[in-house]
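Need coordinates for the following:
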Amino acid sequence: MSTPTFLTPLLGLEESTVESKVEYVIGGLGLIDATREVVAQLIADDAMVVACGASPVLDRWRQRRDGGPAATGPQLEAVKAFVAIGFGNPGSPKNVDHVQGHVAELLWHRMVAERTVCRDGRTLVDAPPIKADALEPGGDGLVVYGDLDGELVFRLWEIKKHDASGAVSKTINRAAKQLRKRGHHYLAKLAGPATLTAQGALGELYDGMVDLWFERSERAGVGVSVGASSEHRPRGRNAFKSLRTQFPEFAAAAQTESIVLTIPDFPEFADRVKEVVWSGL
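Coordinates of the predicted model:
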């Protein structure tokens, strides 16, 4: 089975207006029927790439997903071990909230990795992989760009699955507060290991990333991404104002970003991703 190359064109994204103090996009309503299945297959494949890395288990999983014979013995147990990281196994599944959170992170990472040029002219330099297990402590996402002057800048992201008991704006507010209170801890965990391998200007950015955060530098910024069901779609830019409230020092709209994917029946979509992952067992 072949998986699609790009997610973003399938989402029907609507962008914020120039008047908005937070730069955001909303999309996902069109993920129904065949398109929905295409995206579920793509995200499931991404999940196993994150879990397996360069391990030959990834090819083993793909062969079984595509209708090949099931592995047996130790080889099957190895596939189960990698599948279980993010989704559990059929006999012991992960909590549904954890699965939905993991799918929200996978959707976010695919989107930012595909956005090679931003509206303000930034170009993508580095989008490190997300955690294979959404429950692992630490930051959810970090992205590095080059600005129009050739200087490297970064955005620290918090990714949530929507709590259906409230408005998406409440989820965004909760994530923004979390970034304000714990963003420096997240960056320290993300940037520290990167300093061992990153070189040149990128290495220098990672070296000083936590300092830049505390300084609320023009080179720093934040983002919040939410996976939600379509009935919780934000109705306007007021849903995102908490990002500006929590980070008033980030003056440019592009320093406070948000992605909200409102997919018809998001919990069912996340469950379908899990089923695709399990089909490789």
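
Buried residues, the longest helix anywhere in the chain. List them.
Taking DSSP state H as the criterion, the chain has its longest helix at helix 168-194. Buried residues in helix 168-194, defined by neighbour count with 16 or more other CB atoms under 10 Å: 168-169, 171-176, 178-179, 183-184, 186-187, 190-191, 194. Just so you know, the C-beta spots here come from the backbone N, C-alpha and C atoms, and that holds for glycine as well.

Tell me which other helices or strands the helix or strand encompassing Ile85 touches.
According to DSSP states H and E, Ile85 maps onto helix 73-87. For helix 73-87, the elements it packs on are helix 33-52, helix 57-65, helix 96-114, helix 266-278, judged by 3 or more CB pairs under 8 Å, 6 or more residues apart in numbering; DSSP states H and E.

Show me the contact partners of it.
For helix 73-87, contacts defined as CB atoms under 8 Å, 6 or more residues apart in numbering pick out 47-48, 50-52, 55, 57-58, 60-61, 64, 70-71, 89, 92-94, 99, 102, 132-134, 274, 277-278, 280-281.

Buried ones among those residues?
Judged by 16+ other CB under 10 Å, buried ones among the contacts of helix 73-87: 47-48, 50-52, 57-58, 60-61, 64, 71, 94, 99, 102, 132, 134, 274, 277-278, 280.

From Arg110, how far off is Leu42?
To Arg110, Leu42 is 7 Å away according to CB to CB, to the nearest Å.

can you list residues touching both of those two?
Leu7.

For Gly236, give its distance to Val25.
Gly236 is 14 Å from Val25, by CB to CB.

So for the two, which residue has more residues nearby?
Higher neighbour count among Gly236 and Val25: Val25, with 19 against 11, using other CB atoms under 10 Å.

tell me the contacts of the more buried one?
Applying CB under 8 Å, 6+ apart to Val25 gives the contacts 13-16, 258-260.

Now secondary structure too, for these, in JSON lines please.
What follows is the contacts of Val25, written out as JSON lines (DSSP: H, G, I helix; E, B strand; the rest coil):
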{"residue": "Leu13", "secondary structure": "coil"}
{"residue": "Glu14", "secondary structure": "strand"}
{"residue": "Glu15", "secondary structure": "strand"}
{"residue": "Ser16", "secondary structure": "coil"}
{"residue": "Ser258", "secondary structure": "strand"}
{"residue": "Ile259", "secondary structure": "strand"}
{"residue": "Val260", "secondary structure": "strand"}
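
between the residues you listed, which is closest to Asp140?
Nearest to Asp140 out of the contacts of Val25 is Ile259 (CB to CB; 12.0 Å).

and Ile129, how many neighbours?
Let me fix one detail, which is that residue 129 is Pro and not Ile. So Pro129, with other CB under 10 Å, has 12 neighbours.

That one belongs to a strand?
No - Pro129 is assigned coil when assessed by three-state DSSP, not a strand.

tally of neighbours for Ile263?
26.

Would you list the phi and psi of it?
Torsion angles at Ile263 (phi, psi; degrees, to the nearest 10) stand at phi -100, psi 130.

Nearest residue to it in space, please, no chain neighbours.
Closest residue in space to Ile263, ignoring its immediate chain neighbours: Gly28 at 4.2 Å, by CB to CB, 6 or more residues apart in numbering.

From Lys80, how far out is the residue sitting furthest away from the middle of the chain?
What lies farthest from the middle of the chain is Gly73; by CA atoms, centre = their mean that is 34.0 Å. Using CB to CB, we find Gly73 at a distance of 11 Å from Lys80.

same check, this time on Asp66
Distance from Asp66 to Lys80, by CB to CB: 18 Å.

Ile130 too?
From Ile130 to Lys80 the distance is 21 Å (CB to CB).

Tell me which of those two has more neighbours.
Ile130 (24 against 19).

Would you mind giving me the confidence score for that one?
pLDDT recorded at Ile130 is 93.

Likewise for Thr3?
58.

One more: the one 10 residues further on?
Per-residue confidence (pLDDT) for Leu13: 95.

From what I see, it and Leu29 are in contact.
No - at 10.2 Å, Leu13 does not count as touching Leu29 under the criterion of CB atoms under 8 Å.
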